[in-house]
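# Fold the stuff below for me.
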Amino acid sequence: MIDKIKQQILAIRETGETNMFDVRKVQEIALREGYDELFLYLADNIGAYSRFILTGKEE
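Here you go, the predicted model:
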């Protein structure tokens, strides 16, 4: 996971707009905000994303 994706995840989390485990909603917000890297990352890396949300650790 590159730093840009981490920053996009954290930016969405800071809005408080959605439960971060609602991946479809996170993707919707990512598209709306122009976070294309995050949107594409979530398509193939939900496990790594979930671990990051739970633990703050990257793979």
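
# Report the contact partners of the nearest residue to Met1 once chain neighbours are set aside.
Excluding the flanking residues, the one nearest Met1 by Cβ to Cβ, 6 or more residues apart in numbering is Glu58, at 4.7 Å. For glycine as for every other residue, the C-beta is placed from the backbone atoms N, C-alpha and C. Contacts for Glu58 were tallied using Cβ atoms under 8 Å, 6 or more residues apart in numbering; they are 1, 6, 48, 52.

# will you turn those into CSV that also has distance to Met20, secondary structure and pLDDT?
Converted to CSV, the contacts of Glu58 look like this (distance: Cβ to Cβ, whole Å; DSSP: H, G, I helix; E, B strand; the rest coil; pLDDT from 0 to 100):
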residue, distance to Met20, secondary structure, pLDDT
Met1, 14, coil, 82
Lys6, 13, helix, 95
Ala48, 14, helix, 94
Phe52, 9, helix, 93
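
# biggest separation within those residues, which pair?
Greatest spatial distance among the contacts of Glu58 (Cβ to Cβ): Lys6 and Ala48, at 11.2 Å.

# so which of the contacts of Glu58 comes closest to Thr15?
When the contacts of Glu58 are compared for distance to Thr15 (Cβ to Cβ), Lys6 wins out at 15.6 Å.

# other SSEs contacting the lowest-mean-pLDDT helix or strand in the chain?
Within the chain, judged by mean pLDDT, DSSP states H and E, the helix or strand with the poorest mean is helix 46-55; its value is a mean of 93. Here helix 46-55 touches helix 3-15, going by 3 or more Cβ pairs under 8 Å, 6 or more residues apart in numbering; DSSP states H and E.

# ok, and the most crowded of the contacts of Glu58?
Counting neighbours by other Cβ atoms under 10 Å, the top entry in the contacts of Glu58 is Phe52, with 19 neighbours.
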